[in-house]
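Asks: Dropping the sequence and predicted coords here.
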Amino acid sequence: MARIAVIGAGMGAMAAAARLAVAGHRVVVYERTETYGGAVRRFERDGFAFDTGPGLLPVPAVFRDLFIKTGKEPLEDLVELVQVDPSSRHVFADGTAASLPNASRAGVVTALDEALGGGAGQRWGDFLIRAREAWDRTRRPLLEEPLWPNWSVLADQEPYPAVPHKRLLRTRRASTLAEIGAWELRDERLTALLESHALAYGLEPRTAPASAAVLPYMEHAFGTWYVRGGMRELARAVYERCVARRVEFVFGAEVARVLEKDGRAAGVELADGSVVDADHVVADVDPARLRALTDRPLDEDGDVRADPAAPRPVRFTLLLALRGPREAGAVHRTVVHAPDREAELDFLASPGGDEPRCPTVTVLRPDDPALRPDDEHESAVVSAVLSGEADWDDEGTVRRYTDFLLEAAGRAVPALRERLLWHEVRTPGDTGSETGARSGAVPAPSLAADRGRFLHPANTTRLPGLYRVGGWSHPGGGLPHAGMSGALVAGLIVEGPQFRGSQ
């Protein structure tokens, strides 16, 4: 039995902790805040409740697998999963709107044809077929296996297939997501639909590789799901599974340093000066913070590494308390597209230049009695992913984005201004204080191509016995991927012969 110290109580950390405990190891989790869940938190006021992090679950199979592997009760016995249908409603800049059925290609094709006309649905359906090829080529190395030693194969090859030119006897290969929209979709609204999946992670479509086409394909293939009671219920279920497997949690315990002995990780030192010995250390923290906890570089020369100085996207959120019941036919998720696509992308690429621009905004309106004081009220969450270079301590900047988000939400919620009781602003600073991520950054998904710029650091590090886990490590990006990275790390420790703990 090995002694394992886990830094952080995020979803990836808890997934790894539960799997390691089932394998017979003694696991202790050290969390700097007073609760579990990382970014999966809840805000409550006046009988209203809100998810302050992810509001939807895109790939529930990851957590189903976690619960199957760590106990007798399956996930559905512990939380109620609801398939969101329609998956989303899109309100485009020209005022047209389309509601897309959940996980139905034929339904989506029909809905887009009816809303946008001109064969738009068929073009989107053809795109999904090609996106599936990119998914099939990258699923295993990006989601299900430790990062390959020859990861440069993923960095150098674009998995999105070349498309025959309509009039020329040759094929052409898109190198960016924006090129897919321009060449294949040929409709500004379809392009906005495509790019909204990248913008949700702060990716600039004109520089994001074409492999980002897997993002809308994953939503189409696996559906969109909601956890009744809010996503915090999923964090609670994972935490309770850890406790049932005898994982120990120490809250209010900030790790100040990863200890090293005989060339390998040997435990952690806490901020109060106490020392904890361990055979392995698993870290669910921002790569920049993890570097600060060690006395040496964590990556071999030429290995995948995150640039700690590079600007990273952040999430700005409004929590809305509304009077009056949710209207009949209201959609759970509405994406309100930016009124000026080019201005939004230009500002995302160079946030220090022009005045802030109205971004693409997501409005979540779950029909969930657990999140409102009674049926005569409604709670809603409005958010946008933005550049992290803005000055979020400046009241003018916060006020400007608050106005942007309220204006966009008004296109999704009838009579919003008249119904608004109060709103709570959640800046990237709030996210940073809860997760420890520099500037409150949110992790982007791991993607192939583009010289490895969108690959996350491997779960193993240069320091034997120290492992990365969570959204900032391979596979990285998003709630299900954090859970998958937890499974990979547990497998490396339990199954890898060079990582077996002392008996």
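Replies: Noted; the coordinates are in hand. Numbers count the residues shown, from 1 in each chain.
Asks: And the helices in the stretch 101-250 of the chain, which stretches?
Replies: 105-116, 120-139, 152-156, 177-180, 188-199, 214-222, 232-244 (DSSP state H, counting those that start in this stretch).
Asks: quick one: the shortest one to chain centroid distance?
Replies: Put simply, helix 177-180 sits 22 Å off its chain's centre (Cα atoms, centre = their mean, to the nearest Å).
Asks: The last one now?
Replies: For helix 232-244, the separation from the chain centroid amounts to 19 Å (computed by Cα atoms, centre = their mean).
Asks: cool, and the third one?
Replies: Its chain's C-alpha centre lies 23 Å from the corresponding centre of helix 152-156 when counted by Cα atoms, centre = their mean.
Asks: Need the mean per-residue confidence for it.
Replies: Averaging pLDDT along helix 152-156 gives 85.
Asks: got the helices of the stretch 101-250 of the chain as TSV, with mean neighbour count and distance to V250 columns?
Replies: (Each C-beta comes from the backbone N, C-alpha and C, glycine too.) Formatted as TSV, those follow (neighbours: other Cβ atoms under 10 Å; distance: least, Cβ to Cβ, whole Å):
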stretch	mean neighbour count	distance to V250
helix 105-116	18	47
helix 120-139	19	36
helix 152-156	15	37
helix 177-180	22	43
helix 188-199	23	38
helix 214-222	21	35
helix 232-244	21	13
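Asks: Please tabulate those in CSV, including the columns distance to L348.
Replies: Shown next, in CSV, are these (distance: least, Cβ to Cβ, whole Å):
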stretch, distance to L348
helix 105-116, 25
helix 120-139, 22
helix 152-156, 23
helix 177-180, 12
helix 188-199, 8
helix 214-222, 16
helix 232-244, 29
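Asks: closest one to E80 among these?
Replies: E80 sits nearest to helix 232-244 of all the helices of the stretch 101-250 of the chain, at 8.2 Å, using Cβ to Cβ.
Asks: Would you agree V84 is in contact with H332?
Replies: Yes: between V84 and H332 a contact is recorded at 4.8 Å, counting by Cβ atoms under 8 Å.
Asks: Common neighbours of these two, please.
Replies: Contact criterion Cβ atoms under 8 Å, 6 or more residues apart in numbering; residues shared by V84 and H332: Y226.
Asks: Please identify which of the two sits among more neighbours.
Replies: More crowded of V84 and H332, by other Cβ atoms under 10 Å: H332, with 22 against 19.
Asks: Now do the contacts for the more buried one.
Replies: So H332 contacts 84, 86, 226, 364-367 (Cβ under 8 Å, 6+ apart).
Asks: rerun at 10 Å
Replies: The neighbourhood of H332, defined by Cβ atoms under 10 Å, 6 or more residues apart in numbering, consists of 55-56, 82, 84-89, 102, 224, 226, 363-368.
Asks: Quick one: buried ones out of these?
Replies: Buried positions within the contacts of H332, assessed by neighbour count (16 or more other Cβ atoms under 10 Å), are 55-56, 82, 84-89, 102, 224, 226, 363-366, 368.
Asks: Among those, which lie within strands?
Replies: Here DSSP state E is the test, and these give 82, 88-89, 226, 363-364 as lying in strands.
Asks: Would you confirm that G491 contacts V469?
Replies: No: assessed by Cβ atoms under 10 Å, G491 is found out of contact with V469, at 11.5 Å.
Asks: Mutual contacts of those two, please.
Replies: Common neighbours of G491 and V469 (Cβ under 10 Å, 6+ apart) are 16, 459.
Asks: which parts of stretch 435-452 are buried?
Replies: Within stretch 435-452, the residues scored as buried using 16+ other Cβ under 10 Å are 435-450, 452.
Asks: and the end-to-end length of it?
Replies: 25 Å (Cα to Cα, to the nearest Å).
Asks: Which residue, other than its chain neighbours, is closest to M11?
Replies: Closest residue in space to M11, ignoring its immediate chain neighbours: A482 at 4.7 Å, by Cβ to Cβ, 6 or more residues apart in numbering.
Asks: Surely the one you found is in a helix?
Replies: Yes: assessed with DSSP: H, G, I helix; E, B strand; the rest coil, A482 lies in a helix.
Asks: residues near it, how many?
Replies: A482: 30 neighbours (other Cβ under 10 Å).
Asks: shouldn't it be in contact with H474?
Replies: No: with contact defined as Cβ under 10 Å, A482 does not count as touching H474 (11.1 Å).
Asks: Of G491 and V469, give the one with the bigger neighbour count.
Replies: Shown here are G491 and V469; by other Cβ under 10 Å, V469 has more neighbours (33 against 18).
Asks: surely A16 meets I4?
Replies: Yes: using Cβ under 10 Å, A16 is in contact with I4, at 8.7 Å.
Asks: so R315 sits right up against E434, yeah?
Replies: No: judged on Cβ under 10 Å, R315 makes no contact with E434 at a distance of 11.6 Å.
Asks: Give the intersection of the neighbour lists for the two.
Replies: 39, 52-53, 426, 440.
Asks: quick one: which of these is nearest to L112?
Replies: Proximity of these to L112 (Cβ to Cβ) peaks at G53, which lies at 30.1 Å.
Asks: Excluding covalently adjacent residues, which one is nearest to that closest one?
Replies: A39 (3.7 Å).
Asks: Hmm, that neighbour is touching S433, no?
Replies: No: in this structure, A39 is not within contact of S433 by Cβ under 10 Å, at 11.3 Å.
Asks: can you list residues touching both of these two?
Replies: Listed contacts common to A39 and S433 are G440; contacts here mean Cβ under 10 Å, 6+ apart.
Asks: Who has more neighbours out of those two?
Replies: Shown here are A39 and S433; by other Cβ under 10 Å, A39 has more neighbours (24 against 13).
Asks: need the contact list for that one.
Replies: Counting by Cβ under 10 Å, 6+ apart, A39 touches 10-11, 51-54, 231, 235, 315, 431, 434-435, 437, 440, 442-443, 470-471, 479, 482.
Asks: and stretch 453-471, which residues are buried?
Replies: When neighbours are counted by 16+ other Cβ under 10 Å, the buried residues of stretch 453-471 are found to be 454-461, 463, 465-471.
Asks: Return the distance of that stretch from the chain's centre.
Replies: For stretch 453-471, the separation from the chain centroid amounts to 17 Å (computed by Cα atoms, centre = their mean).
Asks: same thing with stretch 266-275?
Replies: Relative to its parent chain, stretch 266-275 has a centroid offset of 30 Å by Cα atoms, centre = their mean.
Asks: Pull the residues that contact it.
Replies: 3, 5-7, 28, 30, 32, 250, 252-261, 276-281, 283, 293, 463, 465-466.
Asks: Emit the PyMOL select command for whichever of the residues you listed are buried.
Replies: Buried residues among the contacts of stretch 266-275 (16+ other Cβ under 10 Å), as a PyMOL selection:
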select buried, resi 3+5+6+7+28+30+32+253+255+258+259+260+276+278+279+280+281+283+293+463+465+466
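Asks: how about stretch 412-425: buried residues?
Replies: Residues of stretch 412-425 classed as buried by neighbour count (16+ other Cβ under 10 Å): 412-413, 416, 419-420, 423-424.
Asks: export it as CSV, just CAs?
Replies: What follows is stretch 412-425, C-alpha atoms only, in CSV (Å, rounded to 0.1, in the frame of the first residue of the first chain):
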residue,chain,number,x,y,z
ALA,A,412,-33.0,35.1,-24.5
VAL,A,413,-35.2,36.0,-21.6
PRO,A,414,-38.5,37.8,-22.3
ALA,A,415,-38.9,41.0,-20.3
LEU,A,416,-35.6,40.5,-18.5
ARG,A,417,-35.2,44.0,-17.2
GLU,A,418,-38.7,44.1,-15.7
ARG,A,419,-38.2,40.6,-14.1
LEU,A,420,-34.7,41.2,-12.6
LEU,A,421,-34.8,41.3,-8.8
TRP,A,422,-31.0,41.4,-8.4
HIS,A,423,-27.8,40.1,-10.0
GLU,A,424,-24.5,38.9,-8.6
VAL,A,425,-21.3,39.5,-10.6
